[in-house]
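Engineer: Please find the sequence and the predicted model below.
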Amino acid sequence: MFSLDGRVALVTGSSTGLGKAIAIALGKAGATVAMNYYNNDERAADALQEFRDAGGQGDMFRGNVIDPDDVNRLYDEIKEKLGPVDILVCNATPDQPQKPIEEYDWDFYQSMLDFFIKSPYLLSLACLPHMKEQKWGRIINITSEVFQQGVSPFTAYVAAKGGQTGFCRSLAREVAPHQVTVNMVAPGWIPVERHEDDPQELKDGYFANIPMQRWGVPADIGATVCFYASDEAAFITGQTVSVNGGMTVN
């Protein structure tokens, strides 16, 4: 079950954190994985080596996933080297500072919308022709529990994640006749590299409220993505699964 042999997956923002874990999980399930980064060559090389050490087949591709021309170039490069993309995982994310609304400006709001609505839109546009033609495709967006919780002060990020969820739900129904599924994974706070400098009191406060009484780990997200990507999930679309140890209950 859950074999992805013969499938090509693209995981954006996969040189670190959850994206890297997702790429490794997909590789272990048999997919050929196009990993993606934009800014840090050394970190990307280390992530690719870790992926290959785990037995993964694939390569690392540099690309700006909020730029239309670069998304098309990225897709064409992946197609030429690995084959057309069957599984798209939209994971790339910028920094997410929590601030009162008065301390944000519209440029920051726009940066959130670019990563969580514009990027999934551009990537879906690039990948859907092949998916529709073969009558098989998986689009998986990494969202967040913050939308369900209404976390504050966090309006820019929460609003963008809400928009991403709405985009996915509508797209799911649009492409369902083509046997393409669109689903979402909403992680809780899973400590990865970006959280290394977060205040300990915030971590302690969050942990105290996790019903399962343990931290989530990146592999929890990777396993969920593998399920959504599999043939066994072929009749599931437009859904969000929260991977947060019971912090939210749908």
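Structural biologist: Looks like it arrived, so ask away.
Engineer: what's the single longest helix in the protein?
Structural biologist: When the chain is parsed with DSSP state H, its longest helix is helix 155-175.
Engineer: quick one, helices of the chain?
Structural biologist: Under DSSP H, the chain gives helices at 17-28, 41-53, 68-81, 106-113, 119-134, 146-149, 155-175, 200-207, 218-229.
Engineer: Okay, angle between the third one and helix 119-134 too, please.
Structural biologist: This points to helix 68-81. Counting by axes from the mean of the first three to the mean of the last three Cα atoms, to 10 degrees, helix 68-81 lies at 40 degrees to helix 119-134.
Engineer: if we can go back for a sec, using CSV, write out every CA atom in the longest helix of the chain.
Structural biologist: Taking C-alpha atoms only, helix 155-175 is exported to CSV below (Å, rounded to 0.1, in the frame of the first residue of the first chain):
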residue,chain,number,x,y,z
THR,A,155,-3.4,38.6,10.8
ALA,A,156,-1.3,38.6,7.6
TYR,A,157,-0.2,34.9,7.8
VAL,A,158,-3.6,33.7,9.0
ALA,A,159,-5.4,35.6,6.2
ALA,A,160,-3.1,34.2,3.6
LYS,A,161,-3.6,30.6,4.9
GLY,A,162,-7.3,31.1,4.8
GLY,A,163,-7.0,32.2,1.2
GLN,A,164,-4.9,29.2,0.4
THR,A,165,-7.5,26.9,1.9
GLY,A,166,-10.3,28.6,-0.1
PHE,A,167,-8.3,28.2,-3.3
CYS,A,168,-7.7,24.5,-2.7
ARG,A,169,-11.3,23.8,-1.9
SER,A,170,-12.5,25.4,-5.1
LEU,A,171,-9.8,23.9,-7.2
ALA,A,172,-10.5,20.4,-5.8
ARG,A,173,-14.1,20.5,-7.2
GLU,A,174,-12.9,22.0,-10.5
VAL,A,175,-10.4,19.3,-11.3
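Engineer: Quick one: residues in contact with it.
Structural biologist: The contact list for helix 155-175 (Cβ atoms under 8 Å, 6 or more residues apart in numbering) reads 96, 98, 101, 104, 108-109, 112-113, 115-117, 120-121, 124, 128, 131-132, 137, 139, 141, 143-144, 146-147, 150-152, 181-184, 237-238, 240. Quick note: C-beta positions are derived from backbone N, CA and C, even for glycine.
Engineer: tell me the pLDDT at the residue lying farthest from the centre of the chain?
Structural biologist: What lies farthest from the middle of the chain is E102; by Cα atoms, centre = their mean that is 29.1 Å. Per-residue confidence at E102 stands at 97 (pLDDT).
Engineer: ok now the longest helix of the chain, how far from the chain's centre?
Structural biologist: 13 Å (Cα atoms, centre = their mean, to the nearest Å).
Engineer: Report the inter-axis angle for it versus helix 106-113.
Structural biologist: Going by the same axes, to 10 degrees, helix 155-175 makes 40 degrees with helix 106-113.
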